[in-house]
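[1] Take a look and give me a structure for this.
(one chain, ligands or ions: 1)
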Amino acid sequence: MASLSGKTGLIVGVANKRSIAWAIAKAASDAGAKLAVTYQGERLGENVRELAEGLPDPLLLPLDVTDDAQLAAVFEAIDQKFGGLDFVVHGAAYAPPHELSSPFVQTTRAGFSTALDISAYSLIALARGALPLMEKRGGGSIVTLTYLGSERVFTNYNVMGVAKAALESSVRYLAADLGPKNIRVNAISAGPITTLAAKGIAGFNSILQVYRDRAPLRRTVETSEVAGAALFLLSDAGRAVTAEVLMVDGGYHATGM
Ligand code: NAD
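    Predicted coordinates for the structure are as follows:
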């Protein structure tokens, strides 16, 4: 298991115990990292506070990624408590429900804007906020979460697929920008997992079944398996890997028929 001993990380995107970001938080903490964990609004704050009782001395902060003042406050609080930052996990994504159940051609301007802002632009905003804190540490690692719907059509994934394409492109541009500062930026493209966000996609269960039937491993993946890949990218084990989209999907992406 890769070590994150002596490292400090920011985890964005924990809603509940099923969240992929929570599995990564637990794995990172077990690997020795000190963590700041954010929550979107007070309702989810209760969940996150309860979950975080199992972490040693975490910094818990509210963050709506569309709110620049909250973004600034998060990095200020991290700087005060930890004096720098080694890694960021970005697991925030959202599209209004009707965009994930209507024909794609009906995508609204407002829905497009919201999905792209929360699910893609937020990575750029987080990277910019993290930059001075990572410079203090001589580098860092940023990992986001994406899905194959960025490249292939999955029924009802719709504007979220467009947002994930923008997110993956942002990974490459950020990696090019920040690489000279020894900051790496990567994405993990996870296979489908039943989480709060996934439940918002109409017909999600049929996507799960297709993976069970056709993925080379003939199964879906678990959040702990995504967390294992994240540890590799966050730790020094992945120190030469950047601008990458790492597929953690039981091999489904390689299948034709
Ligand atoms: P989740 O619902 O547990 O996590 C989504 C998170 O996004 C929540 O914590 C939510 O609070 C946060 N979020 C939404 N809007 C926000 C905002 N304005 N400000 C701050 N946070 C906001 O679901 P998840 O499946 O763990 O999703 C995590 C990431 O993994 C997402 O990017 C998702 O697209 C991606 N992903 C999920 C799957 C899957 O099948 N579950 C597959 C591939 C990729």
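[2] going forward, measure contacts between C-alpha atoms and count neighbours the same way
    Noted.
[3] list the contacts for the most centrally placed residue in the chain?
    Within the chain, the residue whose C-alpha comes closest to the C-alpha centroid is Gly91; the distance, by Cα atoms, centre = their mean, is 2.6 Å. Contacts for Gly91 (Cα atoms under 8 Å, 6 or more residues apart in numbering) come out as 11-14, 20-21, 144-145.
[4] out of these, which touch the ligand?
    13-14, 20-21, 145 (Cα under 6 Å from any ligand atom).
[5] which residues does the residue of the stretch 101-250 of the chain found nearest the ligand contact?
    Scanning the stretch 101-250 of the chain for proximity to the ligand using Cα to the nearest ligand atom identifies Pro192 as nearest, at 3.2 Å. Listed by Cα under 8 Å, 6+ apart, the contact partners of Pro192 are 198, 207-208, 220-221, 249.
[6] Helices of the stretch 1-150 of the chain, residue ranges please.
    The residue ranges that make up the helices of the stretch 1-150 of the chain, judged by DSSP state H, counting those that start in this stretch, are 20-30, 41-51, 68-82, 109-116, 122-135.
[7] Can you list the buried residues in the second one?
    With burial defined by 16 or more other Cα atoms under 10 Å, the residues of helix 41-51 counted as buried are 45, 48-49, 51.
[8] cool, the third one as well?
    Of all the residues in helix 68-82, those buried under the rule 16+ other Cα under 10 Å are 71, 74-76, 78-79, 82.
[9] count of residues packed around Ile118?
    The criterion is other Cα atoms under 10 Å. On that basis, Ile118 has 18 neighbouring residues.
[10] Let me fix that, I meant to ask about Lys136.
    Counted with other Cα under 10 Å, residues neighbouring Lys136 total 14.
[11] Quick one: residues contacting it.
    83-85.
[12] same question, Thr220
    If a contact means Cα under 8 Å, 6+ apart, then Thr220 has 191-193, 208, 211-212, 249-250 as its contacts.
[13] try Arg214
    Taking Cα under 8 Å, 6+ apart as the definition, contacts of Arg214 comprise 252, 255.
[14] next one: phi and psi at it?
    Geometry field for Arg214 lists phi and psi as phi -120, psi -20, criterion degrees, to the nearest 10.
[15] For it, give its distance to Tyr173.
    Spatial separation of Arg214 from Tyr173 under the definition Cα to Cα, to the nearest Å is 33 Å.
[16] try Pro103
    Using Cα to Cα, one obtains 31 Å as the distance from Pro103 to Tyr173.
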